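[1] got a predicted structure here, sequence first:
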Number of protein chains: 2
Amino acid sequence: MFEFITIRELYEMMLTGSTMEIDSLEYVELEGWIRTNRDNGKVGFIEMNDGSYFRNCQLVYKGDIKGYDAITKYGTGSAIRVMGKLKATPEGKQPFEVEVKEMELLGACDPSYPLQKKRHSFEYMREIAHLRPRANTFYAIFRLRSVLSMAIHEFFQNQGFVYVHTPIITGNDGEGAGEMFTATTRDDANYEEDFFGKEAFLTVTGQLHVEAFAMAFRDVYTFGPAFRAENSNTSRHASEFWMIEPEIAFADLDDDMDLIEDMIKFCIDYVLENAPEEMNFFNTMIDKDAINRITKVRDSQFKRMTYTEAVEILEKADVKFDNKVFWGMDLNSEHERYICEQVVDGPVFLTDYPKDIKAFYMRVNDDNKTVAACDLLVPGVGELVGGSQREERYDVLEARMKEMNMESEHLQWYMDLRRYGGCKHAGFGLGFDRMLMYLTGMQNIRDVEPFPRTPKNLKF
Amino acid sequence: MFEFITIRELYEMMLTGSTMEIDSLEYVELEGWIRTNRDNGKVGFIEMNDGSYFRNCQLVYKGDIKGYDAITKYGTGSAIRVMGKLKATPEGKQPFEVEVKEMELLGACDPSYPLQKKRHSFEYMREIAHLRPRANTFYAIFRLRSVLSMAIHEFFQNQGFVYVHTPIITGNDGEGAGEMFTATTRDDANYEEDFFGKEAFLTVTGQLHVEAFAMAFRDVYTFGPAFRAENSNTSRHASEFWMIEPEIAFADLDDDMDLIEDMIKFCIDYVLENAPEEMNFFNTMIDKDAINRITKVRDSQFKRMTYTEAVEILEKADVKFDNKVFWGMDLNSEHERYICEQVVDGPVFLTDYPKDIKAFYMRVNDDNKTVAACDLLVPGVGELVGGSQREERYDVLEARMKEMNMESEHLQWYMDLRRYGGCKHAGFGLGFDRMLMYLTGMQNIRDVEPFPRTPKNLKF
């Protein structure tokens, strides 16, 4: 008699289903967790969520129901099963409610439950990371995280890109991309006798490895965890994070920027379409400009400007920057935001950076001073994506590695990709967690990761 | 005049396109790598692959083409761009060829190229892991790996499961699931002064963490890397591998087994549909029974049998096993294969194992001797998936942890999930690499991972 259904299915049916469909469903069975429970002695109201949908289902239980008194005491957080009659409430805040016929307590919630009160600081919530996905903000974030992951996979797979699981444990020491964790089974740092017979690190980038696959599959991408052992406590840095690193063969920097632009726009469209309730929540509660901001980016054409042009503009700008601008410097956030917010008023790629501030693998331009790199700057955040065309010329790459005093022995395999049918290719890196912050307006990377890892922080 | 196109697009058009569509495309431009190049002085033939499709495109170049002599010397592995005239060859081995009008060398291939000869051992190929995706077997494996990844995501996302990035670095010492790597920034094992202020490990399972998310989202899954620091060199163990760990709330062991069965069948269907060329290759070159074997599994109903029943059958069996069977033992591969190959002749779940050989979090059955666990056994391989209903009763879980002499302090958060609306739930773990071995018939885990990590093996 009672048909089992999820809250998502109920909303989908009540909001878009046919009248016939709605009328045919009278008695429903639901399972979920109590968000709130209040009663006036004669009738009670439970807001229940079952994990399937952002919004709750209202349960109405009357005094004549079996176990009424006990039910009034079911606390926030309790797991219940409920059988009841579905009632459309077109005038109400929710399009329907369920009139309870029977209710069963599946899992009680101890009165010490830390999520009793409605508002807690994000700092406090980090201390209960195992429970916070049940609170609205995190419930929205972590579903969005899942939806955005799928957006990434669909974007690349639909175009025939091959997904590559580049290794987490690596013998490369990262070539200056950042401090690294060592992975070991010893306590004496005798790495020659260690598991791998040499020092092993946690990867900071999958790029070098995925380049090998681009030389077989043309278009490839990674999507996996990366690590930084930097002892810095900022709101934008975590020791463990997820990264997307596409690599495309027979492609130059312009192709790379086209791909970045397509991907960003696809992701924005995808989350607006597939997580509308969550995006509305962020737009209401976290960042009142969130949807407007990303919709504008989706609808704009990304500009392109060389680093050199940007420096000229900044030098002439009638603004007092904290850091003086000069050609050759690594631009600061204040400069990047001035360019994309004040000058361009929209997303802009800065290109062709001085080679001395960029990585060894970026392709040297004909001026021999700059490299074919690009950073995508967006209003409100600054840098969102960094990419480059890779140096495909063996001798130029070798000379540059020497210039930077890099040991090349353990990267011989990487250099050899240039000797064996290496063609021009390009790629980029997108920090997945930062993209999530950008889409939602969340300000701290710790609040978009399920169990964030930062210095001295490993409680869970 | 020349329209750029990929080899995949060409095959799709020539095999399924309309005559009009085919006729309208006369001149094409392609980029790719030379697999073979031969000529007779008057006409030459190049087999080219561009990474988009398993099969090659045949290029025909004639003596009157510009640079004929140079082209005859382009070696295997070279990157080229070619402009030519498309010609349908319905009688030929391939449905079309391209008559070359112009060719450009984009990246030469040094004569030292290790992939010159047609056949190399898999062992040899592991030594050139950066180049092996260009060889047929690995070209097929690594595209299939990508396709199977997408199958997993589609299977779960289509049903509303939330994808959770459980942490790689963890403070839990794995509770007996296996030896672990330590992640550190120190060389003196002084973990109190270390990055996280305590010893940090590389995860062996995301299950404990993902259970917290199942208590908010009902249906969740992980898909990410996991690690084992076991110093064993077998063909089925790698130190780094990818794992899928779904977790479902309001669900028992039967629901869990239904989900496993659905997932396996979905994955088989998906790879047959989305990687038919690759699957045909494996069926021809690696395991002549591969497609028949997995098609049978897809079309069968998975049986269910208790461990106790299985032991009774094995004890009565008219077979001499290397290891004597008795109730309470951990079954060996020979026993598992006998059950699914000789007794059931198909996939079978063994259920309700003795609690002493299973993990602390598995739900204790009413007999107090067994737990609600299941292993899926499949012909040809043995165990493919392991799952269980989880112990949702706080006091039972606590007692069991004491019984097993586990320190519970750092798992208090996990136990607390039982105090705060914990309901019955279940989940399982699928080793992604082993699933790939199962589908293809590949015999060594090192040959299905892009850059495999095993003891003393960290060259790349």
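    Cool, got the structure.
[2] can you map out the helices along chain A?
    For chain A, helices defined by DSSP state H occupy the ranges A:7-16, A:19-24, A:68-72, A:122-127, A:136-158, A:207-217, A:253-274, A:276-285, A:290-299, A:307-316, A:333-337, A:394-403, A:412-416, A:432-440.
[3] looking at those helices, which is closest to B:Glu102?
    helix A:253-274 (21.4 Å; CB to CB). All C-beta atoms are positioned from the backbone trio N, CA, C, and that covers glycine.
[4] list the contacts for the residue lying closest to A:Lys265 once chain neighbours are set aside?
    Spatial nearest neighbour of A:Lys265, excluding adjacent residues (CB to CB, 6 or more residues apart in numbering or on different chains): A:Arg298 at 5.0 Å. Contacts for A:Arg298 were tallied using CB atoms under 8 Å, 6 or more residues apart in numbering or on different chains; they are A:264-265, A:268-269.
[5] switch the cut-off to 7 Å
    A:265, A:268-269 (CB atoms under 7 Å, 6 or more residues apart in numbering or on different chains).
[6] contacting residues for the closest residue to A:Glu230 other than its chain neighbours?
    Distances taken as CB to CB, 6+ apart put A:Glu179 closest to A:Glu230, at 5.0 Å, once the chain neighbours are dropped. Residues in contact with A:Glu179, defined by CB under 7 Å, 6+ apart, are A:228-230.
[7] between these, which is nearest chain B?
    A:Ala229 (4.9 Å; CB to the nearest CB).
[8] residues near that closest one, how many?
    19 (other CB atoms under 10 Å in any protein chain shown).
[9] could you chop chain A up by domain?
    Residue ranges for the domains of chain A, per the TED database: A:3-107, A:132-447.
[10] so where is the stretch 201-350 of chain A shaky, pLDDT-wise?
    Of all residues in the stretch 201-350 of chain A, none has pLDDT under 70.
[11] hmm, try it at 90
    Counting by pLDDT under 90, the stretch 201-350 of chain A contains low-confidence residues at A:232.
[12] enumerate the residues of it near chain B.
    Within the stretch 201-350 of chain A, the positions near chain B by CB under 7 Å from any CB of the partner chain are A:202, A:209, A:212-213, A:216-218, A:224-225, A:229, A:240, A:242, A:249-250.
[13] re earlier: looking at the domains of chain A, which one is packed in the most?
    Across the domains of chain A, averaging neighbours per residue (mean count of other CB atoms under 10 Å in any protein chain shown) puts domain A:132-447 on top, at a mean of 19.
[14] next one: that domain to chain centre, how far?
    Relative to its chain's centre, domain A:132-447 lies at 12 Å (CA atoms, centre = their mean, to the nearest Å).
[15] how much space separates whatever residue of the stretch 201-350 of chain A ends up closest to chain B from B:Leu30?
    Scanning the stretch 201-350 of chain A for proximity to chain B using CB to the nearest CB identifies A:Arg218 as nearest, at 3.2 Å. According to CB to CB, to the nearest Å, A:Arg218 and B:Leu30 sit 11 Å apart.
[16] if we can go back for a sec, farthest pair within the residues of the stretch 201-350 of chain A next to chain B?
    Within those, A:Ala229 and A:Phe250 form the most distant pair, 36.1 Å apart (CB to CB).
[17] quick one, what contacts the closest residue to A:Glu97 other than its chain neighbours?
    Nearest non-adjacent residue to A:Glu97, counting by CB to CB, 6+ apart: A:Gln58, 4.3 Å away. For A:Gln58, the contacting residues are A:45, A:47, A:94, A:97, by CB under 7 Å, 6+ apart.
[18] could you do A:Leu430 as well?
    A:243-244, A:385.
[19] one more: A:Leu439?
    Counted by CB under 7 Å, 6+ apart, A:Leu439 has contacts A:271, A:294.
[20] quick one: it and B:Glu261, what's the gap?
    36 Å.
[21] kindly report the same for A:Lys424.
    A:Lys424 is 47 Å from B:Glu261, by CB to CB.
[22] ok, A:Glu193 next?
    Taken as CB to CB, the span from A:Glu193 to B:Glu261 is 46 Å.
[23] please apply the same query to A:Leu384.
    From A:Leu384 over to B:Glu261 (counting by CB to CB), the distance is 42 Å.
[24] what's the answer for A:Met48, then?
    30 Å.
[25] ok, A:Glu211 touching A:Pro246?
    No: in terms of CB atoms under 7 Å, A:Glu211 does not count as a neighbour of A:Pro246; the distance is 11.1 Å.
[26] tell me the contacts of A:Ala251?
    Counting by CB under 7 Å, 6+ apart, the residues that A:Ala251 touches are A:424-426.
[27] give the contact list for A:Ile445.
    Contacts of A:Ile445 by CB under 7 Å, 6+ apart are A:235-238, A:433, A:437, A:452.
[28] how about the stretch 1-150 of chain A: which residue is closest to chain B?
    A:Gly51 (3.2 Å).
[29] which residue is the nearest non-sequential neighbour of that residue?
    B:Arg218 (3.2 Å).
[30] could you dump the contacts of A:Ile445 to a markdown table with distance to A:Asp254?
    Shown next, in a markdown table, are those (distance: CB to CB, whole Å):
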| residue | distance to A:Asp254 |
| --- | --- |
| A:Ser235 | 34 |
| A:Arg236 | 29 |
| A:His237 | 31 |
| A:Ala238 | 32 |
| A:Asp433 | 28 |
| A:Met437 | 28 |
| A:Pro452 | 36 |
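[31] on that earlier part again, give me the phi and psi for the residue of the stretch 1-150 of chain A closest to chain B.
    phi 90, psi -10 (degrees, to the nearest 10).
[32] what sits against it?
    So A:Gly51 contacts A:32, B:216-218, B:249 (CB under 7 Å, 6+ apart).
[33] make it 10 Å
    A:Gly51 makes contacts with A:6-8, A:31-33, A:133-134, A:139, A:143, B:160, B:162, B:213-220, B:249-250, as judged by CB atoms under 10 Å, 6 or more residues apart in numbering or on different chains.
[34] circling back to that earlier point, now the residue nearest to A:Glu230: how far from A:Phe360?
    18 Å.
[35] cool, and A:Asp322?
    For A:Asp322, the distance to A:Phe360 - CB to CB - is 30 Å.
[36] can you list the residues of the stretch 351-460 of chain A near chain B?
    Within reach of chain B by CB under 10 Å from any CB of the partner chain, the stretch 351-460 of chain A has these residues: A:392-394, A:410-414, A:416-425, A:432-433, A:449-460.
[37] what about 6 Å?
    The stretch 351-460 of chain A has residues A:413, A:419-423, A:450-451, A:453, A:456, A:458, A:460 near chain B, with proximity defined as CB under 6 Å from any CB of the partner chain.
[38] can you pick out the most distant pair from those residues?
    Most distant of those, by CB to CB, are A:Gly421 and A:Lys456, 47.8 Å apart.
[39] can you show me the strands along the stretch 101-250 of chain A?
    Using DSSP state E, counting those that start in this stretch, the strands of the stretch 101-250 of chain A run over A:162-163, A:169-170, A:182-184, A:201-202, A:219-227, A:240-249.
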